[in-house]
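Asker: Mind folding the following:
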Amino acid sequence: MARSPALLLLLSLGLCEYGHWAGHLLHRQGQVRFRDSTHPQMGKRLELECVGADSDYGISWIRQDKDGTLRFIVFINSLSQATFQGNEKARFEVRKHGGIYQLVVKSFKPEDEGSYFCVLNNNRMLHFSSGQPAFLPVTTIATPTTAAPTTQHGITKNDTCLKTPHPGSPAAGRERRRAGLCKWNSCNILIWVPLTGTCLLLLIALVVTVLLCQRTRRRRCRCKR
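Answerer: Sure, this is the predicted structure:
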């Protein structure tokens, strides 16, 4: 019974739910730590090792998720024979070197975040190691900076009609007069251009009429002689 990983998981969950039994049955033994890294990296291998867990029966690897749920991963006995939970074998590797048990996360992902423990059953007591938090580093996104509005320079004297008078300034009256003058000039252009064209057409018509009249008079004079 002590070697069954399913039983160990049920006992672990039961002890966590009914905390008044924990003081009599749980003991600290062993330590979980990173083997060759300081923190997990997305998509990279993560190796954990459980040291100081002296057990003739083996240990179980358990992860506590962010919401506090305990999840059984694998049980490995003293002969390095592993029993995985479900399809966890595709995501994890486990091995034993001397008195050190190792757990390898093949490709670390957000769902692998949590605190990892190694648990052993010795003399009918569950011994939990110290937990090793394994979380991806938090990435900060820089907020985009808005560029300050640029002012346009180099307005010539010919552009004075485009300027907008500033209320309350000493030159407000002059600016308004200039704006009115510009509007008046614009209106004059719109009126005088077609009027000038019409006058030219009338002048041309008058000249043509005079020339025709002169030719007619000459012909009449020749006929009388």
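Asker: Could you break the chain into its assigned domains?
Answerer: Domain ranges of the chain: 5-134, 160-224, per automatic domain parsing.
Asker: and the ones you listed, which one's lowest on average pLDDT?
Answerer: Ranked on mean pLDDT, the bottom entry among the domains of the chain is domain 160-224, at a mean of 67.
Asker: how about the strands of the chain, start to end?
Answerer: Taking DSSP state E to define them, one finds strands in the chain at 26-34, 46-51, 59-64, 70-76, 82-84, 92-97, 100-105, 114-122, 125-130, 132-134.
Asker: highest average neighbour count across these?
Answerer: strand 59-64 (a mean of 24; mean count of other Cβ atoms under 10 Å). C-beta: built from backbone N, CA, C; applies to glycine.
Asker: And the contacts of it?
Answerer: 5, 8-9, 12, 30, 50, 53, 70-76, 92, 94, 101, 103, 112, 114-120, 131 (Cβ atoms under 8 Å, 6 or more residues apart in numbering).
Asker: Tabulate the CA atom coordinates of that strand in CSV.
Answerer: Listed next in CSV are the C-alpha coordinates belonging to strand 59-64 (Å, rounded to 0.1, in the frame of the first residue of the first chain):
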residue,chain,number,x,y,z
ILE,A,59,9.2,9.4,-3.6
SER,A,60,6.3,11.1,-5.4
TRP,A,61,6.5,14.4,-7.2
ILE,A,62,3.6,16.7,-6.7
ARG,A,63,2.9,20.2,-8.0
GLN,A,64,0.7,22.8,-6.2
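Asker: Can you list the strands that it pairs with?
Answerer: In the sheet, strand 59-64 lines up against strand 70-76 (antiparallel), strand 114-122 (antiparallel) (DSSP bridges).
Asker: So which of these is nearest Thr38?
Answerer: Nearest to Thr38, of all the strands paired with strand 59-64, is strand 114-122, at 15.0 Å by Cβ to Cβ.
Asker: Would you map the helices across the protein?
Answerer: Listed in chain order, the helices of the chain (DSSP state H) span 5-17, 22-25, 172-224.
Asker: and the strands paired with strand 59-64 as JSON lines, adding distance to Leu212?
Answerer: Below are these laid out as JSON lines (distance: least, Cβ to Cβ, whole Å):
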{"stretch": "strand 70-76", "distance to Leu212": "112"}
{"stretch": "strand 114-122", "distance to Leu212": "109"}
